[in-house]
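Enquirer: Please find the sequence and the predicted model below.
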Amino acid sequence: MTCAHYEAGEHWDRVAVNRVEALQQAVMGAGLDAVQLSCGAMGGSLAFSTHDDIVYSSGYVEGCVALTGALSDSMISLGVGIQMAPGSCQWLGEVDTGAIGVFQPGDLHEGIYAPGSVYLCASLSGDRLEQLAADMDLVLDHRQLGGTGVSPRSFSAKAIAPVRHAFGRLHAGHGPAAMSGSRLGRGTLERAIAILARSPQPVLGRRDLSRYSLIVRRAQDFIAANLEQPLSIGMIARAAVTSQSTLYRAFHHVFGEAPQSFVRKLRLNRIRHDLATDQERLCTVTIVANRWGISELGRLAGWYRDLFGELPSATRARRIEALHEMSRMNELRRSA
C-alpha cells in the first residue's frame, strides 16, 4: 500500500488493513519497517486527518506487529496509547494504556503492538506545539518536553476512557467518520499537552527574560510584515508562539507598553513618513491613515498629536509649503 492511499483532508480517512505492508504507513509518510509477529492474516485499520498544520495518524492493530523507524524527519510526534494490549512495548519496555510517547524529529521509534492495540500519533513542528500550549496558557518548550522516550506522565484511566470509545467507533467504521479531525485528534492532543506542559513561572529569571525577548522579536517580525492589515492580539500572540497574557507581559517588560500601543505607534510613524514624502503629496490624511489601518480620524488626530506634538494636517501642510518653496526657488533659478 502506498502513501497515495493515505491523503488526508479535514475529515478522517479510514483504510482497512489486510496485510502487514499496510502498516509501513502506520504514521502518515513515515515508511516504517513493519514485521508481523503473529500467525494468520493481519487485520485492523488506519485513519488519518490533517488540520491546522497538524497531521494525525491512528491505528487499530488486530495482529501483533513490530514497527521500527523515524516517525518524521522534520516534526515532533506525540503518541498516545489509547488501548495498549498486554505485551505492547516501546524500546522493549512494556507500556500501558494512556501512555504518552515523545518522538523528536529523526529519532528512532521501536514499538511492538499486541493484538487489539489502538494508538494516536500527532505530528507537528516544535513551534506549533509551543503555540498550542501557549494558547492554553501553558509552557511546553524543548526543555519541558524533553527528549525522545515514554513520558513518566500519562492519561488517567478516567481521562483515556472517552478517547478510547471515540477512536473505537472510528476504527469500527461507525464514526466519527464525519467528525472533523480538529475535534477528535485536536482534543486528544490538547489533553496530552495539558499532561506534559507546565504553567508559566511567575518569577522572572534570566531564562524568562530571554524568552520575553524571543516572543517580542517574533511579534515584531509579524507586525512589520502585516502592518497594513487588521491585527488582533490573538493573531500576534499566535505568531509569537505564546498566550495573550504572556504577550502582554513580554511587551511591558521590553517596551513598557501594551502590544496595541506599540502597533499604533508604528502605524503613526508610517503615516507621518507618508505625509512628509514627495510621492504622497497629493494624498489626503484620510487616504494615508486608512492605508495603515487607522480609520478613526478623530482618534487619529489625538494619538498623532500626543506622539509628535502636532496634528497630521500640520505635517502635511508643512510638506506642501516646502514643496511650494522649492518650486519658487527653481523658478527663480531658471529666470536668472
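Expert: Nice, thanks for sending it over.

Enquirer: which stretches of this protein have low pLDDT?
Expert: Scanning the chain for pLDDT under 70 picks out 1-10, 175-182, 201-209, 278-283, 319-336.

Enquirer: Could you pull out the strands in it for me?
Expert: 13-16, 33-36, 44-51, 54-61, 65-70, 76-83, 89-90, 93-94, 99-103, 108-113, 117-124, 149-154 (DSSP state E).

Enquirer: Please tabulate those strands in JSON lines, including the columns mean neighbour count and distance to residue 183.
Expert: Using the backbone N, CA and C atoms, a C-beta is placed for each residue, glycine as well. Conversion of the strands of the chain to JSON lines gives the following (neighbours: other C-beta atoms under 10 Å; distance: least, C-beta to C-beta, whole Å):
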{"stretch": "strand 13-16", "mean neighbour count": "15", "distance to residue 183": "15"}
{"stretch": "strand 33-36", "mean neighbour count": "15", "distance to residue 183": "29"}
{"stretch": "strand 44-51", "mean neighbour count": "23", "distance to residue 183": "9"}
{"stretch": "strand 54-61", "mean neighbour count": "25", "distance to residue 183": "11"}
{"stretch": "strand 65-70", "mean neighbour count": "19", "distance to residue 183": "27"}
{"stretch": "strand 76-83", "mean neighbour count": "24", "distance to residue 183": "16"}
{"stretch": "strand 89-90", "mean neighbour count": "18", "distance to residue 183": "27"}
{"stretch": "strand 93-94", "mean neighbour count": "12", "distance to residue 183": "31"}
{"stretch": "strand 99-103", "mean neighbour count": "21", "distance to residue 183": "20"}
{"stretch": "strand 108-113", "mean neighbour count": "20", "distance to residue 183": "25"}
{"stretch": "strand 117-124", "mean neighbour count": "24", "distance to residue 183": "13"}
{"stretch": "strand 149-154", "mean neighbour count": "15", "distance to residue 183": "22"}
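
Enquirer: so can I have JSON lines of these showing distance to residue 302?
Expert: Converted to JSON lines, these look like this (distance: least, C-beta to C-beta, whole Å):
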{"stretch": "strand 13-16", "distance to residue 302": "55"}
{"stretch": "strand 33-36", "distance to residue 302": "67"}
{"stretch": "strand 44-51", "distance to residue 302": "44"}
{"stretch": "strand 54-61", "distance to residue 302": "44"}
{"stretch": "strand 65-70", "distance to residue 302": "58"}
{"stretch": "strand 76-83", "distance to residue 302": "47"}
{"stretch": "strand 89-90", "distance to residue 302": "62"}
{"stretch": "strand 93-94", "distance to residue 302": "65"}
{"stretch": "strand 99-103", "distance to residue 302": "52"}
{"stretch": "strand 108-113", "distance to residue 302": "60"}
{"stretch": "strand 117-124", "distance to residue 302": "44"}
{"stretch": "strand 149-154", "distance to residue 302": "52"}
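
Enquirer: I'd like to know which of the ones you listed is closest to residue 23.
Expert: strand 33-36 (4.1 Å; C-beta to C-beta).

Enquirer: what residues go with each domain of this structure?
Expert: 3-196, 206-256, 262-335 (automatic domain parsing).

Enquirer: Show the contacting residues for residue 305.
Expert: residue 311 (C-beta atoms under 8 Å, 6 or more residues apart in numbering).

Enquirer: What's the separation between it and residue 268?
Expert: Taking C-beta to C-beta, to the nearest Å as the measure, residue 305 falls 10 Å from residue 268.

Enquirer: Same question for residue 284.
Expert: The separation that residue 284 has from residue 268, given C-beta to C-beta, amounts to 16 Å.
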